[in-house]
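Undergrad: fold the following.
(4 chains)
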Protein chains: 2
Amino acid sequence: MRILKEPEVRKNEILDAAEELFAQKGFDGTSTNNILEKASIARGTLYYHFKSKEDIMDALIERINARILTAAEEIASDKNIPVFERLLRAVLALNVSEQSANVLEYVHKPQNALMNQKIHRAMMAGIPPILTEIIRDGIQEGLFDTPFPYECMEMVVVYLNTIFDEDMPALSDSERSAKVKAFAFNAERLFGAQEGSFVNVMAMFNEKGQNDHD
Amino acid sequence: MRILKEPEVRKNEILDAAEELFAQKGFDGTSTNNILEKASIARGTLYYHFKSKEDIMDALIERINARILTAAEEIASDKNIPVFERLLRAVLALNVSEQSANVLEYVHKPQNALMNQKIHRAMMAGIPPILTEIIRDGIQEGLFDTPFPYECMEMVVVYLNTIFDEDMPALSDSERSAKVKAFAFNAERLFGAQEGSFVNVMAMFNEKGQNDHD
DNA sequence: ATTTTATAGACAGACAGTCGGTCTATAAAC
DNA sequence: GTTTATAGACCGACTGTCTGTCTATAAAAT
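TA: Residues are numbered from 1 along each chain as shown, chains lettered A, B, ... in the order given. Okay, the predicted model is just below:
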């Protein structure tokens, strides 16, 4: 007895199943059979809707990415929020909020190198423009001073994604704290911000970050 | 008629074969059968020496990495070379020289995500300490001024690896030139160097870089 | 001669994708 | 209204490739 569904419905069911499995076992650790079972469909159905396993991953990344960037973009364009707070909230939306907890799950799976690469690329295309808008407002208000806001933001985002990514050799608490301090100092230099201003943002970041996880 | 060889000899033959194939077709695109054929050995021999396909890759990365970092380290510790030139030559040894042309080949293969990740990790562990030594000398000589030489170097290396990596969306010549200019400016800020000093280094870098490829 | 090391290749099971066929909904023809 | 044809969604057996395992054995060492 076969069950017919709208293509969009079925596609999302497959993506839902894949999302859960990739997060749990990684892309490489998830077989198409796992997906079939979880979505309760046959092999031919899967390949009717997606042309390959990698196609499923690409669709999933696109879906997740859209969610995350949309949330951050709304925050970034809300001129009623002060610049530093906006920056903080956008970063939270991108890295720590419940929505992007999914991204972190994937990134840290050992069998997810390809997916990591694609996620990273999507993030690098999407995040700096959003955050640079905030930096430009900060420049207008005299909080920052750099002729290259985009490139500064790009550098900071790349670094955050790499060094504070749990995938890298684990940092002890004191190592992490030292790195955060150094990073704040370096970010102040890059953006031409007043010394100490990013340290304060970082403190808020850590507080909010921890609250979110309690 | 079987041919016996010293384990180290045989191991290196397998690695040589793998090195060529991974560069040509990527890790995922290379089957163990390809390696068997190229090294003229049987499957059992391969698994006698290496415990898995991934083990071969790990050994290969280690081999290449050792070569590259050794060359750069020699340059970095040669106190007779002026700081800026030492920095330039070490960077060349790490990124552009013939030895590391091999690394670039791997990094840009579409089926090499896992290998990229491992190479990147190895590089991030090996490169910043070497270059930071040079920065420290520069601080001693008053060329640089930063309380966080290591973290600055780390940031710069991460950025160089990511943004100027050909794997990222291709940059036009003018885009690249603009990015190099912005990067030089930002590096000057990070290291507390005199404005314009890194732009000059970059010019040398481009010249030398181009000559190497002609 | 016996033991150890290195080599060979047949075999097994998992995997992603293919292919031929079936089923369902629906429009068109009667 | 009923019948027929069509489109497209679905099914599952099958295929070829892949990595790793296992058994046999040649060559070297003792």
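
Undergrad: the lowest-mean-pLDDT helix or strand in chain A: what's the following helix or strand?
TA: For chain A, using mean pLDDT, DSSP states H and E, the weakest element among its helices and strands is helix A:98-107, scoring a mean of 53. Using DSSP states H and E, the helix or strand that directly follows helix A:98-107 along the chain is helix A:113-140.

Undergrad: now the closest residue to DNA strand D within chain A: which helix or strand?
TA: Chain A approaches DNA strand D most closely through A:G44 (2.0 Å), counting by Cβ to the nearest atom of the strand. Heads up, the C-betas are built off the backbone N, CA and C, glycines and all. Under the criterion of DSSP H and E, A:G44 resides in helix A:43-49.

Undergrad: which strands or helices does whatever helix or strand comes next after that helix pack on?
TA: Note on helix A:43-49: by DSSP H and E, the next helix or strand toward the C-terminus is helix A:53-76. Contacts defined by 3 or more Cβ pairs under 8 Å, 6 or more residues apart in numbering or on different chains; DSSP states H and E place helix A:53-76 against helix A:7-25, helix A:83-95, helix A:98-107, helix A:113-140.

Undergrad: quick one: helix A:53-76 near DNA strand C?
TA: Yes: in terms of Cβ under 7 Å from any atom of the strand, part of helix A:53-76 sits within range of DNA strand C, namely A:K53, A:E54.

Undergrad: report the angle between the axes of that helix and helix A:113-140?
TA: 20 degrees (axes from the mean of the first three to the mean of the last three Cα atoms, to 10 degrees).

Undergrad: buried sites along helix A:53-76?
TA: Residues of helix A:53-76 classed as buried by neighbour count (16 or more other Cβ atoms under 10 Å in any protein chain shown): A:53, A:56-57, A:59-61, A:64-65, A:68-69, A:71-73, A:75-76.

Undergrad: swap in stretch A:43-56?
TA: Neighbour-count burial for stretch A:43-56, counted by 16+ other Cβ under 10 Å, picks out A:T45, A:L46, A:H49, A:F50, A:K53, A:I56.

Undergrad: widest-spaced pair of the residues you listed?
TA: By the measure Cβ to Cβ, A:T45 and A:K53 form the most distant pair in the buried residues of stretch A:43-56, at 14.2 Å.

Undergrad: so where's chain A uncertain?
TA: A:1, A:95-111, A:165-170, A:204-214 (pLDDT under 70).

Undergrad: near chain B, which residues of it?
TA: Within chain A, the positions lying close to chain B (Cβ under 8 Å from any Cβ of the partner chain) are A:113-114, A:116-117, A:121, A:124-125, A:147-148, A:150-152, A:154-155, A:158-159, A:162-163, A:168-169, A:179, A:182-183, A:185-186, A:189-190, A:192.

Undergrad: mind redoing it with 6 Å?
TA: A:113-114, A:117, A:148, A:151, A:155, A:158-159, A:162, A:182, A:186, A:189-190 (Cβ under 6 Å from any Cβ of the partner chain).

Undergrad: where do the domain boundaries of chain A fall?
TA: Annotated domains of chain A cover A:1-50, A:59-213 [automatic domain parsing].

Undergrad: which of the ones you listed is buried the deepest?
TA: Across the domains of chain A, averaging neighbours per residue (mean count of other Cβ atoms under 10 Å in any protein chain shown) puts domain A:59-213 on top, at a mean of 17.

Undergrad: close to DNA strand D, is that domain?
TA: No: using Cβ under 7 Å from any atom of the strand, domain A:59-213 stays clear of DNA strand D, coming no nearer than 12.1 Å.

Undergrad: re earlier: closest to DNA strand C out of the residues of chain A next to chain B?
TA: Of the residues of chain A next to chain B, the one sitting nearest to DNA strand C (Cβ to the nearest atom of the strand) turns out to be A:L114, at 11.9 Å.

Undergrad: contacts only, for that closest one.
TA: B:A113 (Cβ atoms under 6 Å, 6 or more residues apart in numbering or on different chains).

Undergrad: cool, and A:I163?
TA: For A:I163, no contacting residues are found, by Cβ under 6 Å, 6+ apart.

Undergrad: skip the chain neighbours and tell me the closest residue to A:E19.
TA: Distances taken as Cβ to Cβ, 6 or more residues apart in numbering or on different chains place A:L60 nearest to A:E19, at 5.8 Å, with adjacent residues excluded.

Undergrad: go ahead and confirm that neighbour touches A:D16.
TA: No: A:L60 sits out of contact with A:D16 when judged by Cβ atoms under 6 Å, with a separation of 9.4 Å.

Undergrad: so can I have CSV of the residues of chain A next to chain B showing secondary structure and distance to B:R89?
TA: Below are these laid out as CSV (DSSP: H, G, I helix; E, B strand; the rest coil; distance: Cβ to Cβ, whole Å):
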residue, secondary structure, distance to B:R89
A:A113, helix, 32
A:L114, helix, 35
A:Q117, helix, 31
A:F148, coil, 27
A:E151, helix, 25
A:M155, helix, 24
A:V158, helix, 25
A:Y159, helix, 25
A:T162, helix, 25
A:A182, helix, 27
A:N186, helix, 25
A:R189, helix, 26
A:L190, helix, 26
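
Undergrad: which one among those residues gets closest to A:Q140?
TA: When the residues of chain A next to chain B are compared against A:Q140 (criterion: Cβ to Cβ), the nearest one is A:F148, at 15.7 Å.

Undergrad: could you find the closest non-adjacent residue to that closest one?
TA: Nearest non-adjacent residue to A:F148, counting by Cβ to Cβ, 6+ apart: B:A182, 4.0 Å away.

Undergrad: can I assume that neighbour is in contact with A:E151?
TA: Yes: in terms of Cβ under 6 Å, B:A182 counts as a neighbour of A:E151; the distance is 3.8 Å.

Undergrad: what touches both of those two?
TA: Counting by Cβ under 6 Å, 6+ apart, B:A182 and A:E151 have no contacts in common.

Undergrad: show me which residues of chain A sit near DNA strand C.
TA: A:1-2, A:4, A:30-33, A:43-44, A:47, A:51-54.
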